[in-house]
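>>> Provide a 3D model corresponding to the input given below.
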Amino acid sequence: MKSNLSKHLKLALKCLIVVAGLLITGVALLLLHEVHGRSQLTSPPATPIFTDRYGTFLAEGTTDENAPLGFWDPPAVLPERIVACLLAVEDKRYYEHFGVDFRSLLRALVNNLSGRPRQGASTIAMQVARLQRPGKRTLWRKACEMGTAVWINQKYGHEKVLRHYLKIVPQGNRIHGVAYAARRYFQKPLADLSWAEAAVLASLPRAPGRMNLYQFEGRRKAFERAKLILNLLHKNGTLNAENLAISQRQLKSLKIPVKESRPYHSYHAILRLQDLVNGTASYTKPVVTSLDLPLQEVVDSVASKAMGHLRQRGAGNMAVIVAERETGAIRSYLGSEFYADTDFAGAIDYAITPRSAGSTLKPFIYVLGMETGVFSPASVLADLPFNLVHSRGQYSVANYDERFLGPMLYRKALANSRNVPAVHVLKTVGLAKTYDLFHQLGLAKADRSASVYGLGLAIGGLYVTLEDLVAAYGVLGNDGKAFKLHWFEPPDEGTPAQIIPEDVARQITLFLSDPLARLPTFTRMGPLEYPFPVAVKTGTSQGFRDAWAVAYSSKYIVGVWIGHPDHERMKRVAGLDAAQLVKEILLFLHPKERRGVDETPFLPPQLRQDSGRSVGYQLVKLCPLSGELATEACSETVLEYLPLGTEPTASCGVHQSFAVDRRTGTLAGSTTPPERVEIRSYAVLPPRFTAWGAVHGYDPPPATSTESPFVSIAIEEPVNGSVFRFHPDIPQQLQSIALRANVTPAVPEIVWYVDGEPFQKVSYPYTTRWHLRAGSHAVQARFPHADIQSGIITITVAP
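Sure, this is the predicted structure:
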């Protein structure tokens, strides 16, 4: 019996041993598998600290405000002080064990079992394992951490494990890594920390939440532990008595800066910065941006003050960008007037929100006019009622002020921002060529045909962002070379590409900076005029939904947009309102120039020598009405830079002198007595301007007899073949079209005929209106007492 019992016990014992062995083997294999999965040294991406151009704190971290911060790599040579402090308090035998310190582990176990104060035994390698895989503390997790510590210690070595620990060790306030903590708490590199400062950072890993350096109680606890660390350093011989005393005095006087928060007026700029650098780099020092916080405060103040008034006129928000003209460095950036404003969607960044460009793209259309050679500064453009006939009727173009200014030199047409001349230039140079230039400038982003926008490209058909618009005007200010806005130190990209010919860019700059050229649309001494050279362009979209202004001096370029988040109409808030903000900012940026102490003029197109001959541009005196060489008869003259060889050869033909019969007011003839002859000067405008001139104070030249065989008459409006339709919202009896004719030379009167019947007799400038009637109609103009008439034109009025 006993023998059988003994045999069974032995068998059971063997089974237990086998089972225990299998369990131990299984646990060991499971532990090995778990440890192998944790054997890499990993950390989240490094996060930046942003400062303005002067080093003032701007922001930290990424767009996720709850994400951990830091994870900066320590210097190539590990700083002695922070290493000595951490090893003294966290793992004094770091270089003597292989990842787990069994002596410390045994001592901690004895202390904990005997009821003494609890004592940890985690080595630095074990802390690395825990920090990489945080979780609830259990025996299994502790075993995994010990196994991982041994593994990574053998795989990477003591130096790399220590370096990684310095990168990820918690430092409170979501901060990880001592390099980042040194910058955030002490505003200095890790290598520059004093013993006292290094001891403070080394104290934080034990309880980073309770030792919050931004709170009084947290600082007290951290400084107490730092004092303990300094004593440990003295005990192990790292610090002698003298250095210990110095460090303790430094610790007593050490002050942690108040926690800096992101400035409220820079939220949109900070979000842009964080988006630009998110996860793209490692960091060893703060990222210095181009922003100028003192200037940002000024711009924010100007914007807030202006919005207080503009919101009474229906405006909702605004955006402002200030950049250096030479480098493109963004000095100030307001994406909205106030980020937290929920009534007017302040969280939207309007500086990068596409809106209708209004008239702001006209300068680039005028660039193409000169670049192609179709137009020059001597070209005279017509600011007159403009109609295009197409299959659905007529398309008319009007001006912002609902006026027409007649003949205008190229410079004056742009400076006055007239719509009709701009549409004419666009139509002449071509939609495709214009849209291609907009693409090169970064204004057009969509892959569309230019025909989608049509002639509306000149007057707001294209939607652009303020950021892109400022960059495009930077090309003009940069003599036509490519221009980019920068948030950081711009990279050396070599010689920028020439997008616009230098001389053309300079001409446009001169046009936009000429206060006399802006007359009469924009009066003197207003928001567009400065005491120093500044090129300015405004824009207002249809229905006063957007107001723009961009201006540049020799130093800065400033852009402003004003509008409503919902594209609602404003109460005549226009480009001049935006220009007022631009002016306030530019005057602040130019204190010396504002007082007339210093100024830098814009450079004109050059006259230079090439292979012994002169090339380039020269100044030519022109008549502003004719664009031809000015004479003594011209009441007004202007100077324009014209390419050599393209200057006009003819003298002004508009200003003429006539021998007039004083009694009849007609041309004096061979039979007119000499005593009745008087020489008078007249502006003889081309036929297309005669109607305009009659209502703008230009007396017609003396009439001649209608018997003259040289008199001609031609209908200017309506255009032959035009099709008109009744507007459904206007009573038919109130709908009419203009009848206009050119008569050369001027005569006292003509008669309009419709469908072969006399309609109305009119005098100079021979214009009247005819009420629409459904059907096809023949229109003709005749002299009342002579067999002289125009050709017959046919129009159709759809029922």
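
>>> quick one: the most centrally placed residue in the chain and residue 441, what's the gap?
What sits nearest the mean C-alpha location of the chain, by Cα atoms, centre = their mean, is residue 467, with 1.3 Å. Residue 467 sits 12 Å away from residue 441, going by Cβ to Cβ, to the nearest Å. Backbone N, C-alpha and C define where each C-beta goes, glycine included.

>>> repeat for residue 83
For residue 83, the distance to residue 441 - Cβ to Cβ - is 54 Å.

>>> Name the residue in the two with the higher neighbour count.
residue 441 (24 against 18; other Cβ atoms under 10 Å).

>>> got the residue ranges for the helices in the stretch 51-200 of the chain?
Here the stretch 51-200 of the chain has its helices, by DSSP state H, counting those that start in this stretch, at 80-90, 102-113, 124-132, 139-156, 158-168, 178-186, 195-203.

>>> ranges for the helices of the stretch 301-450 of the chain?
Under the criterion DSSP H, counting those that start in this stretch, the stretch 301-450 of the chain contains helices at 362-371, 410-415, 419-429, 431-440.

>>> Low-confidence stretches in the stretch 551-700 of the chain?
Applying pLDDT under 70 to the stretch 551-700 of the chain flags residues 609-612, 614, 670.

>>> Disregarding residues adjacent in the polypeptide, which is nearest to residue 464?
Of all residues not flanking residue 464 in the chain, residue 357 sits nearest, at 4.7 Å (Cβ to Cβ, 6 or more residues apart in numbering).

>>> scratch that, residue 520
That would be residue 405: by Cβ to Cβ, 6+ apart, it lies 7.2 Å from residue 520.

>>> Need the helices of the stretch 51-200 of the chain in JSON lines (columns: mean pLDDT).
Shown next, in JSON lines, are the helices of the stretch 51-200 of the chain (pLDDT from 0 to 100):
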{"stretch": "helix 80-90", "mean pLDDT": "93"}
{"stretch": "helix 102-113", "mean pLDDT": "66"}
{"stretch": "helix 124-132", "mean pLDDT": "84"}
{"stretch": "helix 139-156", "mean pLDDT": "76"}
{"stretch": "helix 158-168", "mean pLDDT": "93"}
{"stretch": "helix 178-186", "mean pLDDT": "94"}
{"stretch": "helix 195-203", "mean pLDDT": "95"}
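
>>> got the contact list for the residue nearest to the centre of the chain?
Residues counted as contacts of residue 467 (Cβ atoms under 8 Å, 6 or more residues apart in numbering) are 321, 351, 352, 485.

>>> count of neighbours near the first one?
A total of 27 residues lie near residue 321 under the criterion other Cβ under 10 Å.

>>> Enumerate every residue touching it.
Contact analysis of residue 321 by Cβ under 8 Å, 6+ apart lists 330, 332, 333, 334, 351, 466, 467, 470, 485, 558, 559.

>>> Could you report the neighbour count for the third one?
In this case it means residue 333. 28.

>>> how close does the residue nearest to it when sequence neighbours are not counted sit to residue 491?
Among residues not flanking residue 333 along the chain, residue 269 sits closest, at 4.1 Å (Cβ to Cβ, 6+ apart). According to Cβ to Cβ, residue 269 and residue 491 sit 20 Å apart.

>>> again with residue 77
28 Å.

>>> One more: residue 784?
For residue 784 relative to residue 491 (Cβ to Cβ), the value is 76 Å.

>>> cool, residue 376 as well?
38 Å.

>>> So between those two, which is more surrounded?
For residue 376 and residue 491, the more surrounded residue by other Cβ under 10 Å is residue 376, and the numbers stand at 19 against 8.

>>> Beta-bridge partners for the residue nearest to residue 635 when sequence neighbours are not counted, please?
Excluding its sequence neighbours, the residue lying closest to residue 635 (Cβ to Cβ, 6+ apart) is residue 655, at 7.0 Å. For residue 655, the beta-bridge partners under DSSP bridges are residue 683.

>>> Tally up the residues packed near residue 655, please.
The number of residues near residue 655, taken as other Cβ under 10 Å, comes to 21.

>>> That one contacts residue 629, doesn't it?
No - contact criterion Cβ atoms under 8 Å: residue 655 and residue 629 do not qualify, at 11.5 Å.

>>> any common contacting residues for those two?
With Cβ under 8 Å, 6+ apart, residue 655 and residue 629 have common neighbours residue 623.

>>> nearest spatial neighbour of residue 769, skipping sequence neighbours?
residue 736 (4.3 Å).

>>> Distance of the one you found relative to residue 321?
Distance from residue 736 to residue 321, by Cβ to Cβ: 47 Å.

>>> My read is that the residue nearest to residue 769 contacts residue 760, right?
No - using Cβ under 8 Å, residue 736 makes no contact with residue 760, being 12.0 Å away.

>>> and the closest residue to residue 257 other than its chain neighbours, how many neighbours?
Spatial nearest neighbour of residue 257, chain neighbours left out: residue 187 (6.9 Å); criterion: Cβ to Cβ, 6+ apart. Residue 187 has 15 neighbours, counted by other Cβ under 10 Å.
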